[in-house]
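1. build me a model:
(2 chains)
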Amino acid sequence: MRRKIKPAVLALLFLFIAIQFYQPARNSNKEQGGTMDIARSYNIPADVKKILHISCYDCHSSNTNHVWYDYIQPVRMMMESHIKRARKDLDFSEWGTYSNRKKERLLTSIKKQIETKEMPPPSYTLMHKNARLNKMQAKVLIDWVGSHE
Amino acid sequence: MQIVFSTILSAVIAATLLSCNSSENNSNNNQDNDTAAVAEIDAVAGKDSTPVLPTADTINTNVEQEKVQENVDNFSIAPIIKDYLALKNALVADNGKLAADAGRKLLTTLKTVDMKSVPSGKHKGYMDIADDAMENAEHIGDNAGKIAHQREHLASLSKDINDLIAMFGTPQQLYQQHCPMYNEGKGAIWISEIKEIKNPYYGGEMLTCGSVKKKY
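-> Model prediction:
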């Protein structure tokens, strides 16, 4: 019995180590707040900006603040696909390129998604506790978005 | 100790091989794209190209070509309207799955519109609307189980369709109808082929709530 287990454990260990070598380029644009960033479109109050950066920008911008375990595979791969999908729908770093029609739709959608607690997604905040919105933070964000809808 | 060391060593080798493989795959993909592009060029030039297997790419090309011939003189949004109405009616019937199917169909229709057939002065206007409509259609297609979310996108999509009608007209009799309650009392419009009110935002819950705002 033990003889059978050992190769299996070794194979897993092997796979785990091998997979660590796959580290795609980081989603980090050095010029934080580029020319198309949402902060250039509106005069965003500091408290709102801070919440956006901590709770939204990791996935919805060209700048992710990774925590150390984000670099461990397969977490990294999951993060990458998550970020890719998130930015396709809404990228705060590209806000300035959006049509007014799209901005309007996104603002309504952002508000709705925070209200219904679909954003930030629980599957993400499970491992990234700092991205969670408490009631106060959610209200600050919802009120600000609501005033620009 | 030795075993662990050799495991790590072989892992490194495997990782190196892995990365080589992935770059090879990339170049293969590029090749595929090239072939598709060549096939397209041949088709456009009207040459008898060597028999190409009917891949998704070549089929799309054929469909697009037919569209060009149809719309070359007169761009019509009729196919878009048709898919939108099917989607709207699925939500009237509270059927999220049917709505998702219709959303995907609308997305395909929007994607196959040939930009060359759109009058050049209306390019930018059309693109803005179509981009937004495609995202709405895609989300509706992806959320068969979340009818409330589908309806949020219907509100935005209906604005898109309304603006398309304003820009290109419609050969079909259509009505702009309005639900005053939706989105916390902010209200939302929809486009219907019938005058009678059948509310897609609440379905069976409040089927006849709303009013006709405009006749196209």
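2. tell me, how many residues neighbour residue B:173?
-> A count of neighbours around residue B:173, defined by other Cβ atoms under 10 Å in any protein chain shown, yields 10. In short, each C-beta sits where N, CA and C put it, glycine included.
3. contact partners for residue A:7?
-> When the contact criterion is Cβ atoms under 8 Å, 6 or more residues apart in numbering or on different chains, residue A:7 has no partners at all.
4. where does chain A have low pLDDT?
-> Counting by pLDDT under 70, the low-confidence segments of chain A come to A:1-3, A:29-33.
5. could I get the full set of helices for it?
-> Counting by DSSP state H, the segments of chain A that form helices are A:2-20, A:38-41, A:46-55, A:75-89, A:100-115, A:122-125, A:135-148.
6. right, is the fifth one up against chain B?
-> Yes - applying Cβ under 8 Å from any Cβ of the partner chain, one finds helix A:100-115 touching chain B at A:101, A:102, A:105, A:108, A:109, A:112.
7. shouldn't the fourth one be in contact with residue B:159?
-> Read that as residue A:108. No - using Cβ atoms under 8 Å, residue A:108 is not in contact with residue B:159; the gap is 10.8 Å.
8. contacting residues around residue A:82?
-> Contacts for residue A:82 (Cβ under 8 Å, 6+ apart) come out as A:59, A:124.
9. and with 10 Å instead?
-> By Cβ atoms under 10 Å, 6 or more residues apart in numbering or on different chains, residue A:82 lies in contact with A:58, A:59, A:121, A:123, A:124.
10. the last one - how many residues pack around it?
-> Around residue A:124 there are 18 other residues, counting by other Cβ under 10 Å.
11. quick one on the thing from earlier: now the two most distant members of the contacts of residue A:82.
-> A:58 and A:123 (13.4 Å; Cβ to Cβ).
12. chain B: strands as residue ranges?
-> Under the criterion DSSP state E, chain B contains strands at B:175-179, B:188-192, B:211-215.
13. other SSEs contacting the second one?
-> It refers to strand B:188-192. Judged by 3 or more Cβ pairs under 10 Å, 6 or more residues apart in numbering or on different chains; DSSP states H and E, strand B:188-192 is in contact with helix B:78-92, helix B:147-168, strand B:175-179, strand B:211-215.
14. kindly export that strand (C-alpha atoms) in CSV.
-> The C-alpha trace of strand B:188-192 is given here as CSV (Å, rounded to 0.1, in the frame of the first residue of the first chain):
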residue,chain,number,x,y,z
ALA,B,188,-37.2,51.9,-19.1
ILE,B,189,-38.4,51.6,-22.7
TRP,B,190,-38.8,48.7,-25.0
ILE,B,191,-39.6,48.2,-28.6
SER,B,192,-42.6,46.1,-29.7
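15. what pairs with it, parallel or antiparallel?
-> Under the criterion DSSP bridges, strand B:188-192 sits next to strand B:175-179 (antiparallel) in its sheet.
16. the partner strand vs helix B:78-92, what angle?
-> Strand B:175-179 and helix B:78-92 are oriented at 30 degrees to each other (axes from the mean of the first three to the mean of the last three Cα atoms, to 10 degrees).
17. flag every buried residue along strand B:175-179.
-> Across strand B:175-179, burial judged by 16 or more other Cβ atoms under 10 Å in any protein chain shown covers B:175, B:176, B:177, B:178, B:179.
18. so which of those is the closest to chain A?
-> Proximity of the buried residues of strand B:175-179 to chain A (Cβ to the nearest Cβ) peaks at residue B:179, which lies at 15.2 Å.
19. and residue B:146, what does it touch?
-> Residue B:146 sits in contact with A:118, B:96, B:100, B:139, B:140, B:152, where contact means Cβ under 10 Å, 6+ apart.
20. please name the nearest non-neighbouring residue to residue A:149.
-> Of all residues not flanking residue A:149 in the chain, residue A:107 sits nearest, at 4.9 Å (Cβ to Cβ, 6 or more residues apart in numbering or on different chains).
21. so what's that neighbour up against?
-> By Cβ under 10 Å, 6+ apart, residue A:107 lies in contact with A:144, A:145, A:146, A:147, A:148, A:149.
22. swap in 7 Å and give it another go.
-> Neighbouring residues of residue A:107 by Cβ atoms under 7 Å, 6 or more residues apart in numbering or on different chains: A:145, A:148, A:149.
23. format those as TSV; extra columns: neighbour count.
-> Compiled in TSV, the contacts of residue A:107 are given as follows (neighbours: other Cβ atoms under 10 Å in any protein chain shown):
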residue	neighbour count
A:145	20
A:148	13
A:149	12
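24. which of these sits closest to chain B?
-> Using Cβ to the nearest Cβ, residue A:149 comes nearest to chain B of the contacts of residue A:107, at 8.5 Å.
25. distance of residue A:11 from residue A:18?
-> According to Cβ to Cβ, to the nearest Å, residue A:11 and residue A:18 sit 10 Å apart.
26. so where's chain B uncertain?
-> Residue ranges of chain B with pLDDT under 70: B:1-74.
27. how about the contacts made by residue A:86?
-> Listed by Cβ under 7 Å, 6+ apart, the contact set of residue A:86 reads A:59, A:60.
28. hmm, 10 Å instead?
-> Neighbouring residues of residue A:86 by Cβ under 10 Å, 6+ apart: A:56, A:58, A:59, A:60, A:61, A:119, A:120, A:121, A:124.
29. buried subset of the residues you listed?
-> Buried members of the contacts of residue A:86, scored by 16+ other Cβ under 10 Å, are A:56, A:58, A:59, A:60, A:61, A:119, A:120, A:124.
30. which residues does the closest residue to residue B:158 other than its chain neighbours bridge with?
-> Of all residues not flanking residue B:158 in the chain, residue B:190 sits nearest, at 4.6 Å (Cβ to Cβ, 6+ apart). Judged by DSSP bridges, the bridge partners of residue B:190 are residue B:177.
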